[in-house]
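**Q** Okay, predicted coordinates and the sequence, questions at the end:
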Amino acid sequence: MNIFSLAPLQRNTLFMVLLNAWATPLMLSSVNVALPSIAESLTMNAVMLSWIPMAYLMAGAMFVLFFGRLADMFGRKKIFLIGTASTIVSSIAAAMSTSGEALIFFRLLQGVSAAMLYATQVAIISSVFPPAQRGATIGIVISTLYFGLAAGPFIGGHLIEQFGWQACFIFQIPLSFIVLYIGLVKVQGDWSNTENVHSFSDLDIKGTVIYASSIVAFSVGISTLTTNVSYLLIVFGLLAIWWFIRIEKTATHPIFDLSLFTNNRIFTLSCCTSYLMYTATFANVVLVSLYLQYIKGFPASTAGMIMMTQPLVMAIFAPISGKLSDRFEPRILASLGILLTILGLVILATLDAQSPTKILIIALMTTGAGFGLFSSPNTNAIMGAVKKTQYGIAAGTNSSMRMLGQLSSMFIVTLVMSLLIGPVEITPDKYGQLAKVIQLSFLIAASLCLPGIYFSLKRGLVR
C-alpha cells in the first residue's frame with residue numbers, strides 16, 4: 001500500500017493512528033525494562049513490582065468495552081483524542097511518583113487512557129478504509145505497534161541508564177502532542193454508529209461497574225493468593241461475571257454485545273483465540289527482562305537490545321500476514337502462527353543461568369514470527385465478521401480480549417511468583433526461585449496455545 005497515494009482523509013487518519021500505535025507500546029515496553037530500576041529506587045518487593053505492568057493492564061481491561069460503546073455513540077475520533085490527552089497527563093504524573101503506591105495509582109490512570117486508544121484505533125481505520133484494504137491497513141497499524149514494542153526496550157534501556165526510570169514515561173509525550181494536532185486540525189469530522197441514540201442514558205453503567213469490579217477482584221485476589229481474603233475476592237469475581245452476563249442479556253445498549261458471540265461463530269472463536277494467544281505471550285517481555293537483568297546480570301541497555309528481537313520480527317511479519325489475509329483464509333495463517341509461537345515458548349521454558357544468549361534470541365525470533373503471522377489475520381477476521389455499525393464495539397471487544405489476555409498473562413506470572421518467591425525483594429539468593437518462576441510460566445504459556453489452535457481452525461471461513 002502506497003500511503004502517499006491515499007486520499008487526504010485516509011492518509012491523515014492513518015498517520016494519526018500510526019503515531020499513537022507506535023508511542024503507546026513504546027512506553028509500555030520501556031517500562032518493563034525499567035522494572036529492576038524501579039524496584040531498587042522505590043523499594044518494591046516482587047509481588048508489588050508485578051503490579052507496575054498489571055495495574056496498567058487491569059485498568060485498560062476494565063474500561064475498554066465501555067469506551068468502545070462510548071465511541072460508537074459519541075464519536076470514535078473524539079474518544080481517541082481524549083485518550084491521547086489523558087495519556088500525556090498520566091505519564092507526567094507517573095514520572096513524578098515518589099513511592100511505589102503512587103506509581104501504581106498513576107499506572108491505573110495510564111491504563112484508563114490506553115483503553116480509550118485501544119477501543120478506537122482499529123474502529124477508526126475500519127471506518128475510513130474499505131473492506132478490500134482493511135486487512136493490509138490493519139497489518140500496517142499492528143506492525144507499527146510492534147515497532148513501538150521493539151523500540152521501547154532499546155530506547156528505554158539507554159534513557160534509563162542516563163536519566164533514570166522516570167525517562168521511560170516521558171519520551172513519548174511529544175508524539176502524543178503531534179497526534180492531537182493532526183486529529184484536531186487535519187482530520188475533519190468523526191465516525192459513530194448513527195443507529196444509537198446519542199444520550200448518556202443509553203450507556204450501560206450498571207454493566208460497566210459490575211464488569212470492572214470483577215476484574216479488580218480477580219487481580220487483587222490472584223496477587224494475594226494463599227490468604228483468606230484472596231479466595232473471597234476470586235469467588236466474588238466469578239459471581240460478578242455471572243451477574244454481568246445476566247445483565248448484558250437484557251440490556252438495551254449493552255457494553256458487551258453477547259449476540260455477537262451467540263450468533264457469530266467466526267467472531268466468537270477469533271476472540272477466544274486472541275485471548276489465549278495474548279495470555280500465552282504478553283508476559284514474555286516481563287519474564288525476559290527479569291531473566292536478562294537479574295539472572296544473566298546484563299545492564300538495562302543490553303537487555304533492551306536483546307528484548308527488541310521478538311517485537312521487531314513481529315513488526316516484519318504483521319503487515320505481510322495482514323495483506324495475505326485479504327486474499328487467503330485468516331484461520332490458516334493464524335493457526336500456522338500459533339504453531340510457531342508454541343515452539344518458541346517451549347525453547348524459552350528451557351532457559352537457565354548457563355543458557356547461551358543465542359538460544360534466547362532464536363526463541364524470541366520464533367515467537368515473534370509466530371505472533372506476527374497470527375495477529376493481523378485474526379484481527380481482520382474479527383472486524384470482517386461484523387456489520388459496519390458494530391465496528392466500535394467489535395474493536396472494543398477485540399481490544400478487551402487482548403487486554404484481558406495480557407492481564408491473565410500477568411496473573412500467571414504473579415501467581416507463580418507469589419507461590420515460589422512470595423512478597424519479598426528479589427535478592428541474589430532468590431535467583432534460583434526466579435529461574436523456576438520463568439521456566440514454569442513459559443511452560444504454562446505454551447500449553448495455553450494448544451486450545452488456541454483448535455479454536456482458530458474451527459472458526460470457519462471468513463470469505
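**A** Cool, got the structure. Numbers count the residues shown, from 1 in each chain.
**Q** The stretch 251-400 of the chain: strands as residue ranges?
**A** Using DSSP state E, counting those that start in this stretch, the stretch 251-400 of the chain contains no strands.
**Q** Flag the shaky bits of it, pLDDT-wise.
**A** Within the stretch 251-400 of the chain, the ranges that satisfy pLDDT under 70 run 389-393, 396.
**Q** Please repeat the previous calculation with a cut-off of 90.
**A** Along the stretch 251-400 of the chain, segments meeting pLDDT under 90 span 251-272, 281-335, 351-355, 372-373, 375-400.
**Q** all helices for the stretch 101-250 of the chain, in order.
**A** For the stretch 101-250 of the chain, applying DSSP state H, counting those that start in this stretch gives helices covering 121-128, 131-163, 173-181, 205-223, 228-250.
**Q** and the angle from the fourth one to helix 228-250?
**A** This means helix 205-223. The directions of helix 205-223 and helix 228-250 differ by 150 degrees, with axes from the mean of the first three to the mean of the last three C-alpha atoms, to 10 degrees as the criterion.
**Q** counting contacts, what elements does helix 205-223 pack onto?
**A** Counting contacts by 3 or more C-beta pairs under 8 Å, 6 or more residues apart in numbering; DSSP states H and E, helix 205-223 packs against helix 46-74, helix 228-250, helix 391-420. For the C-beta atoms, the positions are set from N, CA and C on the backbone; glycine is no exception.
**Q** Quick check: buried residues in it?
**A** Neighbour counts using 16 or more other C-beta atoms under 10 Å place 207-208, 210-223 of helix 205-223 among the buried residues.
**Q** Spell out which residues make up each domain of the protein.
**A** Listed domain ranges for the chain are 9-188+199-203+253-458, 204-252 (source: automatic domain parsing).
**Q** Go through the ones you listed and pick out the most buried.
**A** domain 9-188+199-203+253-458 (a mean of 22; mean count of other C-beta atoms under 10 Å).
**Q** Endpoints of that one, how far apart?
**A** End-to-end distance for domain 9-188+199-203+253-458, by C-alpha to C-alpha, to the nearest Å: 38 Å.
**Q** returning to what we had before: can you put the helices and strands packed on helix 205-223 in a markdown table and add distance to residue 87?
**A** Rendered in a markdown table, the data for the helices and strands packed on helix 205-223 read as follows (distance: least, C-beta to C-beta, whole Å):
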| stretch | distance to residue 87 |
| --- | --- |
| helix 46-74 | 11 |
| helix 228-250 | 27 |
| helix 391-420 | 15 |
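**Q** How far off centre is stretch 62-70?
**A** Remark: stretch 62-70 is offset 15 Å from the chain centroid, using C-alpha atoms, centre = their mean, to the nearest Å.
**Q** one step back: of the buried residues of helix 205-223, which is the nearest to residue 55?
**A** Closest approach to residue 55 among these (C-beta to C-beta): residue 219, at 8.3 Å.
**Q** quick one, what contacts the residue nearest to the closest one when sequence neighbours are not counted?
**A** Excluding its sequence neighbours, the residue lying closest to residue 219 (C-beta to C-beta, 6 or more residues apart in numbering) is residue 58, at 4.8 Å. Taking C-beta atoms under 8 Å, 6 or more residues apart in numbering as the criterion, residue 58 is in contact with 108, 111, 215-216, 219, 407.
**Q** Also residue 16?
**A** 80, 179, 182-183, 186-187.
**Q** if you skip the residues just before and after it, what's nearest to it?
**A** That would be residue 182: by C-beta to C-beta, 6+ apart, it lies 4.4 Å from residue 16.
**Q** doesn't residue 11 make contact with the one you found?
**A** No. Look at residue 182 against residue 11 with C-beta atoms under 8 Å: they stay out of range, at 10.3 Å.
**Q** Now do the residue nearest to residue 232 when sequence neighbours are not counted, the pLDDT please.
**A** The spatially closest residue to residue 232, leaving aside those adjacent along the chain, is residue 221, at 7.8 Å (C-beta to C-beta, 6+ apart). pLDDT for residue 221: 84.
**Q** now do residue 239
**A** The per-residue pLDDT reported for residue 239 equals 93.
**Q** ok, now residue 167?
**A** On the pLDDT scale, residue 167 gets 89.
**Q** right, and it touches residue 160 too?
**A** Yes. Counting by C-beta under 8 Å, residue 167 does reach residue 160; the two are 6.2 Å apart.
**Q** residues in contact with the spatially most central residue of the chain?
**A** Nearest to the mean C-alpha position of the chain, by C-alpha atoms, centre = their mean, lies residue 403 at 4.7 Å. When contacts are counted by C-beta under 8 Å, 6+ apart, residue 403 is found next to 57, 60-61, 64, 115, 118, 278.
**Q** repeat that with 10 Å
**A** Applying C-beta atoms under 10 Å, 6 or more residues apart in numbering, we find residue 403 in contact with 56-65, 111, 114-115, 118-119, 215, 275, 278, 282.
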